[in-house]
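**Q** Return a 3D structure for these sequence lines:
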Amino acid sequence: MPAGLEPLVLFRTMARNPRIFARMFAGGLLDKGALSLRQRELVIDRTTARLGCEYEWGVHVALFAKRAGLGTAEIVATVTGGSDAACWSMAEQALVALVDDLVDRHTIGDETWHSVAAHFDEAQILEAIALVGYYHTISFLCNGLRLPSEPYGARFPGSHPSTCVSPTGDRARGSRDRGRGPRRRIRHPSG
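**A** Reported below is the predicted structural model:
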């Protein structure tokens with residue numbers, strides 16, 4: 001975490017189960033890998049957006065988008081654009097298509113595979129698939145627990161505290177409850 005920021009709500013919540021917390025961190029992929037920072041963040045942002053996880057998307061946009069060289073149009077396109085959005089290079093379009101295939105179809109279609117393979121080597125492709133899987137899990141944790149947004153977290157384009165637009169364009173209730181009832185609270189160990 002950057003200096004001056006307290007640990008994420010996600011981390012504080014998951015720390016209540018030390019075994020899962022340790023394994024969650026052991027599986028983290030935020031170190032220098034085969035993909036560039038920009039490519040990594042594109043995969044993470046698209047995955048979390050497609051899964052409706054404003055919490056994790058917002059944390060990554062707030063903490064990494066600028067360093068990854070993602071501008072406003074690109075950030076918006078991670079939520080609302082197609083894989084062929086004009087703001088992406090051909091290689092980035094292939095990564096977005098890979099995420100979309102995995103989220104929508106739970107596999108990678110032949111056309112997408114050929115496109116990804118034309119731009120990325122084996123290690124990069126494996127890392128991209130692993131990132132989608134890892135952030136699928138993180139999104140399920142955040143959404144299942146209905147974690148409140150971090151105070152500095154970015155919001156999905158068009159959202160505000162009372163209404164947000166989901167990645168599919170549907171109007172939904174506020175991000176804290178997503179129209180599914182009150183946020184689930186895990187009892188604090190001391191109380």
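**Q** Report the contact partners of Ile125.
**A** Going by Cβ atoms under 8 Å, 6 or more residues apart in numbering, Ile125 touches Leu98, Val116, Ala117. Placement of C-beta: from N, CA and C, glycine included.
**Q** which helix in the chain runs the most residues?
**A** When the chain is parsed with DSSP state H, its longest helix is helix 122-145.
**Q** How about it, which residues are buried there?
**A** Buried residues in helix 122-145, counted by 16 or more other Cβ atoms under 10 Å: 124-125, 127-129, 131-132, 134-136, 138-139, 141-143, 145.
**Q** ok, so of these, who is nearest Tyr55?
**A** Cys142 (4.3 Å; Cβ to Cβ).
**Q** Just the buried residues out of the contacts of Ile125, in ChimeraX syntax.
**A** Selection of buried members from these for ChimeraX, criterion 16+ other Cβ under 10 Å:
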select :98,116
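**Q** Now, the contacts of Ile125 that are in helices?
**A** Residues of those located in helices (DSSP H): Leu98, Val116, Ala117.
**Q** Pipe those into JSON lines and attach distance to Ile75 and pLDDT per row.
**A** Converted to JSON lines, these look like this (distance: Cβ to Cβ, whole Å; pLDDT from 0 to 100):
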{"residue": "Leu98", "distance to Ile75": "19", "pLDDT": "98"}
{"residue": "Val116", "distance to Ile75": "22", "pLDDT": "97"}
{"residue": "Ala117", "distance to Ile75": "27", "pLDDT": "97"}
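**Q** From the residues you listed, pick the one nearest Asn17.
**A** Using Cβ to Cβ, the ones in helices among the contacts of Ile125 come closest to Asn17 at Leu98, 31.1 Å.
**Q** for the residue lying closest to that closest one once chain neighbours are set aside, what are its contacts?
**A** Spatial nearest neighbour of Leu98, excluding adjacent residues (Cβ to Cβ, 6 or more residues apart in numbering): Val116 at 5.2 Å. Contacts here follow Cβ under 8 Å, 6+ apart; on that basis Val116 touches Ala94, Leu95, Ala97, Leu98, Ile108, Ile125, Ala128.
**Q** So the fifth one sits against Val99, correct?
**A** Meaning Ile108. No - here Ile108 does not reach Val99: they are 9.8 Å apart, not a contact under Cβ atoms under 8 Å.
**Q** just the helices in the protein please.
**A** Going by DSSP H, the chain shows helices at 9-14, 18-26, 37-50, 54-64, 72-80, 90-105, 110-119, 122-145.
**Q** what stretches of this structure score poorly on pLDDT?
**A** Scanning the chain for pLDDT under 70 picks out 1-2, 26-27, 29-31, 159-191.
**Q** rerun that using 50 as the cut-off
**A** For the chain, the stretches flagged by pLDDT under 50 are 160-183, 187-191.
**Q** No further questions, thank you.
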